[in-house]
Every structure is written in C-alpha cells, then in structure tokens.
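Chemist: dropping a prediction and its sequence here:
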2 protein chains.
Amino acid sequence: MESRSGPAREFEHEHQEAGSTINDSMTTKERILLRSLELFNEKGERHITTNHVAADLSISPGNLYYHYRSKQAIIYEIFTHYERLVDHYLQLPDRALSVQDEFDYLDSVFDGLWSYRFLHRDLYHYLDADPRLKTEYGQFTGRCLDRLEEIISCLEHSGILTFDPRPGAAHTTSAATLKRTLALNVWLVVTNWMSFLVSSIEVEGGTLSIRHMKSGIHQALAIQEPYVTEAYAEEVARLAADYPNYSSVGAGTSKMVSRKAQASF
Amino acid sequence: MESRSGPAREFEHEHQEAGSTINDSMTTKERILLRSLELFNEKGERHITTNHVAADLSISPGNLYYHYRSKQAIIYEIFTHYERLVDHYLQLPDRALSVQDEFDYLDSVFDGLWSYRFLHRDLYHYLDADPRLKTEYGQFTGRCLDRLEEIISCLEHSGILTFDPRPGAAHTTSAATLKRTLALNVWLVVTNWMSFLVSSIEVEGGTLSIRHMKSGIHQALAIQEPYVTEAYAEEVARLAADYPNYSSVGAGTSKMVSRKAQASF
C-alpha cells in the first residue's frame, strides 16, 4: 500500500527486531539483553536478578558480570534501545502526512511500548536510581514532545486537522499553545495507558495482551478528534474502527472494576 | 461567593485537614499516620522505614508496631484517607454546576494529589505488593471515572459543554462514548501529571511545588475545551488565566529538558 511506505514500513522492519527471539547468531551480550527484556516484561523486573538471567541462559554469573556490572546497567542499555526505536518510529517522511500515517504512528508507538512494557511500570524508580537515565529520559521526553508537535503541524498542513477558530468553540489559546498542549496530552495518555490498564482491570488469567494495549489508540485519537476536518472525518472513523476500544476490551476479556461496568455484565 | 458554596467550601474544610500539622490533641496512631505521610512525600517512601518514623516522633519502634504492623499497613491506611478525600471532592451539589464549580473540582483534586503525592509516584509497586490495595484502587478508579462522567454530563446540562455534532467536526462516536473517553483522558492526565513533571523538568533546588502541580489544570482543561459552548468560553478563559501553564512554570522556575525549550532560554 503506497500510503504505508513511510513510517509504517520502517516500523514493520524494526518491530520484527523488537519482537525477535534469541538465536545462534547473537553475541552473548545481545542474548543477555534480549532475555533480560523478556524476563522483565513477563515476570516483573523486581522479581528477576542478574543470576536468574544467567541461569536462564545457561551462562555463569561471572560471564554475565563481564558484560554488565549490574541489573541497572542492563536496564540502562534496554532504555537506549527503546529510545532509538521510538525516535525511529516518530520520524517524519519527506512528503505530506496521510491519515494512514497517523494510525501507523500510533500503532507503532503502542507496539514499542508493549515490547518494552516493564520500563513504564516502574519508570520513576529507575529514574530515581540512575541520574544518567533520568537526564536522558528527560531529553527523550522533550524530543518526543517536539516531534509529536511537528506531526500535529504536518497533519494540519495536510488538511487533516485544523486549529482555526470555529463559531461556538472556545479557542481561547493560541494555535501554537494549543498544539503543544495537545502533544503533551497525547504523550501522557499513551505512556500511561499500560499502567492504567494494569491498575484498573482484572484480566482473566492475569495477563494483559497487545490487544488490551491498543485500545489506548482510541484514547489518543479522542484528544485530536475535535480538530479533524470534515473532509477527513470519515477516513479517521473508518481506520479507528479497526482497533478495539477500552469498553469492548473490558467487556470481552476482562472485568473492569467499575460500578457501571459491573451493572452491565 | 455564592458559586463557591458547593464543592469549594467543602474542599477548603477538608484541605485544612490534609495540610494540618501534628498537634497535641492527636492520638499516637494519628500522629504516626500524618508524620509518615509527610516523610513519604518529602523524602520518598523508599527511603523511610517505620523506625525512621518512630525516631522522628520520639516513640519506641514497639509503640509504632502496636498501631501498625508494617509500613504497608501505614500506606494502606493513608490510601483510604486519600480515597475518602477524593470521593468527597468529587461529590455533586444539589444544583446546576457552574464554571466556577468545574475549576473548584480541578483545584481541589490537584490539592489532594499534592497532599498525597508519594502515592502516585510508586503506585504500581504498592498495588503489586498489596492485593487488597489493588482491588480497592481498581474500585476507586472505577468510581472516580463514573463521577467524572457525571460531572461532564452536569456541565452539559448547565449549557457549559455541548456534545452536539457541529459542522466540520468529526463526531464519529456517540455522545455517551465520547463523554466516557473524555473522563478517562482527564483521569490519565491528572493522575500522571506529578510523575511527568518529576521526570521531565529539573527544578531549581530539586523541589517541586504546588505551583508546578497546578499547571496541570490547563492540560485537563484542554481535553474539554473544544466542547465548551460559546456562551461560556470567555468565563472559562478568565478563570483559567489564574493558573500557571506548563511552559510558564518551566521557564520561570525550572529547566525543561527539551530542544525547543533550551533554544529559547
């Protein structure tokens, strides 16, 4: 599909890497990193020591220590991979953005968050424990916010979004401030979606899936929905319909702990 | 002020409690709870043991243990206070809601989040460690979302918000789904604002203030801004102007780690 030649194709390439499993061509260092990521995601980082990782890979603790002096060093290197992946996802193509591009951005970012999902669960603990990570994460956040704002501006230039004042609407802030505020809200909703799901729903079998995760795409879309132009409203709605929304995910596979939701079951 | 007789007045009463300091009329149990909250907020819960709290209050560890068997028990009881406070803040008065009411809701909830700010920094750790807290927090979240949705509906009935389709707007979802989605986005932005600030800005002296915290009010308002009716747009803008926004807080007292922000300093 022509419209998927920008961010989408690159994403698919990268995502295969993020979702890859350990194979014989990997160095020991790469295997340590990938297996640590898998174990942190599956079991929770707090429950996994470097000795667990070494035992799982059938290498000695000394061999692991040769490559990484601490679990913190592994977490830091995992973060740098995550950071590069998200930076890559949020690149702007050398052409006007389409509605499909916007969905590809959201889809790929949620895939990235899923692949590195342990990071955002305990992020503030990692930042407290590692000043270097805190500084780099702050820079990464600033860079992502700048990029999200650029994407919003490009969608405006493509005629998909508009920030012109409309009769009846309360555009009390400048378009520039509005775009910055929207970018920040998208960031807050997207990066905290996983933790919200974990704290608010009880999934049968106790395991969240990428399907639960992607219900967050509707939440991110809702922030910009009022600014979608009439010409593109139908296309946005059509592409959004491919994603489960929070209530359907909750009703289908999990028990949402809410009086209303409980009453309707 | 007549318009502050609802949630606002009750908030002011409650907040004095939340912001109170230890005094002679308190029981030992109350003093342990309040001092733990203060120390967790100031120093970080991970750095405070029950022995620190006992020493700070000049009581024996055995005396503290008589009231609370573990730090987890203290955290759980602090959470129940927080929960009651927020439930109280989000009550609906027996009359139509005004614009001032909406600001009172936001202002009081941010005050509550500030008074109990340690809770949301490490929330997912506490939920993992205490199944009872996880269940109750899930119920609390569901209840708050229901209440936020009711507040949005009441603001609609007062004519302050409208969810009628407008020409040019992409209202592709039903008004009911839209209100639920908005309520959830407000919740995500508000409850994660503090952690975002901690991870993304470096405050001079290293201490965040309630002023930084309240810059989040603009982020929450931005989610509903497109739905404010023309009749109330000016009043919303006037009341919003009383609060600092993120960029002014960042530029004034802290260094935001962003290429754009750095370039403009």
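Modeler: The structure has been received and is ready for your questions.

Chemist: neighbours of A:R180, how many?
Modeler: 22 (other C-beta atoms under 10 Å in any protein chain shown). (Glycine included, C-beta is placed from N, CA and C.)

Chemist: name the nearest residue to it, sequence neighbours excluded.
Modeler: A:E149 (5.8 Å; C-beta to C-beta, 6 or more residues apart in numbering or on different chains).

Chemist: in a helix, the one you found, correct?
Modeler: Yes - assessed by DSSP: H, G, I helix; E, B strand; the rest coil, A:E149 belongs to a helix.

Chemist: was I right to think it contacts A:N185?
Modeler: No - at 11.6 Å, A:E149 and A:N185 do not qualify as touching, with contact defined as C-beta atoms under 8 Å.

Chemist: and those two? which has more neighbours close in?
Modeler: Neighbour totals were compared for A:E149 and A:N185, and A:N185 leads with 24 against 20 (other C-beta under 10 Å).

Chemist: in contact with that one: list those residues for me.
Modeler: Going by C-beta atoms under 8 Å, 6 or more residues apart in numbering or on different chains, A:N185 touches A:223, B:185, B:189, B:219, B:222-223.

Chemist: what residue, apart from its backbone neighbours, is nearest it spatially?
Modeler: A:I223 (5.1 Å).

Chemist: that neighbour contacts A:A183, doesn't it?
Modeler: No - with contact defined as C-beta under 8 Å, A:I223 does not count as touching A:A183 (9.3 Å).

Chemist: for the stretch 101-250 of chain A, what spans make up the strands?
Modeler: A:201-203 (DSSP state E, counting those that start in this stretch).

Chemist: mind telling me which residue of it is nearest chain B?
Modeler: A:G142 (2.9 Å; C-beta to the nearest C-beta).

Chemist: burial of that residue, as a residue count?
Modeler: Considering only other C-beta under 10 Å, A:G142 is surrounded by 19 other residues.

Chemist: do you know the pLDDT at it?
Modeler: If you check A:G142, the pLDDT there is 93.

Chemist: pretty sure it is touching B:S200, no?
Modeler: Yes - assessed by C-beta under 8 Å, A:G142 is found in contact with B:S200 at 6.9 Å.

Chemist: any weak-confidence spans in the stretch 51-200 of chain A?
Modeler: By pLDDT under 70, the weakly predicted segments of the stretch 51-200 of chain A are A:166-172.

Chemist: related to what we said a few turns ago, the residue nearest to A:R180: what's it in contact with?
Modeler: A:E149 touches A:179-180, A:183, counting by C-beta under 8 Å, 6+ apart.

Chemist: how does it look with 10 Å?
Modeler: A:176, A:179-184, A:186, B:258, B:260 (C-beta atoms under 10 Å, 6 or more residues apart in numbering or on different chains).

Chemist: which of the residues you listed lies closest to A:Y227?
Modeler: A:L182 (7.7 Å; C-beta to C-beta).

Chemist: residues near that closest one, how many?
Modeler: 23.

Chemist: isn't it right up against B:I223?
Modeler: Yes - between A:L182 and B:I223 there is a contact under C-beta atoms under 10 Å: 9.3 Å.

Chemist: please identify every residue contacting each of those two.
Modeler: A:223, A:226.

Chemist: which ones are touching A:V53?
Modeler: Applying C-beta under 10 Å, 6+ apart, the residues contacting A:V53 are A:31-33, A:35-36, A:38-40, A:59, A:61, A:64, A:68, A:71, A:74.

Chemist: out of those residues, which are buried?
Modeler: A:31-33, A:35-36, A:38-40, A:59, A:64, A:68, A:71, A:74 (16 or more other C-beta atoms under 10 Å in any protein chain shown).

Chemist: for these, name the two members farthest from one another.
Modeler: A:F40 and A:I59 (17.5 Å).

Chemist: neighbours of A:D130, how many?
Modeler: 18.

Chemist: ignore the last one, A:P165
Modeler: A:P165 has 12 nearby residues by other C-beta under 10 Å.

Chemist: then A:E136?
Modeler: 17.

Chemist: do A:G216 as well
Modeler: 27.

Chemist: any idea how far it is from A:D94?
Modeler: A:G216 is 29 Å from A:D94, where distance means C-beta to C-beta, to the nearest Å.

Chemist: again, but for A:R69
Modeler: 42 Å.

Chemist: so A:W114 makes contact with A:S209?
Modeler: Yes - the pair A:W114 and A:S209 qualifies as a contact (C-beta under 10 Å) at a distance of 8.8 Å.

Chemist: between the two, which one's more packed in?
Modeler: Using other C-beta under 10 Å as the criterion, A:W114 and A:S209 rank with A:W114 on top: 19 against 13.

Chemist: isn't A:G138 right up against B:S199?
Modeler: Yes - counting by C-beta under 10 Å, A:G138 does reach B:S199; the two are 6.5 Å apart.

Chemist: who's in contact with the closest residue to A:A96 other than its chain neighbours?
Modeler: Spatial nearest neighbour of A:A96, excluding adjacent residues (C-beta to C-beta, 6+ apart): A:S158 at 4.7 Å. Applying C-beta under 10 Å, 6+ apart, one finds that A:S158 lies in contact with A:95-99, A:101-102, A:229, A:232.

Chemist: can you rerun that using 8 Å?
Modeler: Here A:S158 is in contact with A:96-98 (criterion: C-beta under 8 Å, 6+ apart).

Chemist: cool, A:Y65 as well?
Modeler: Counted by C-beta under 8 Å, 6+ apart, A:Y65 has contacts A:T50.

Chemist: cool, A:L106 as well?
Modeler: A:190, A:217, A:220-221.

Chemist: also near chain B: which of those, exactly?
Modeler: For chain B, no contacts are drawn from those by C-beta under 8 Å from any C-beta of the partner chain.

Chemist: between which two of those is the distance greatest?
Modeler: Distances among these were taken as C-beta to C-beta; the most separated pair is A:V190 and A:L221, at 10.8 Å.

Chemist: which one of the two has more residues nearby?
Modeler: A:L221 (25 against 22).

Chemist: now the more buried one, nearest residue through space, not along the chain?
Modeler: Nearest one to A:L221, counting by C-beta to C-beta, 6+ apart, is A:A240 at 5.8 Å.

Chemist: so the one you found is in contact with A:I217, correct?
Modeler: Yes - the pair A:A240 and A:I217 qualifies as a contact (C-beta under 8 Å) at a distance of 7.4 Å.

Chemist: next, show the common contact partners of those two.
Modeler: Shared contacts of A:A240 and A:I217, counting by C-beta under 8 Å, 6+ apart, come down to A:F103.
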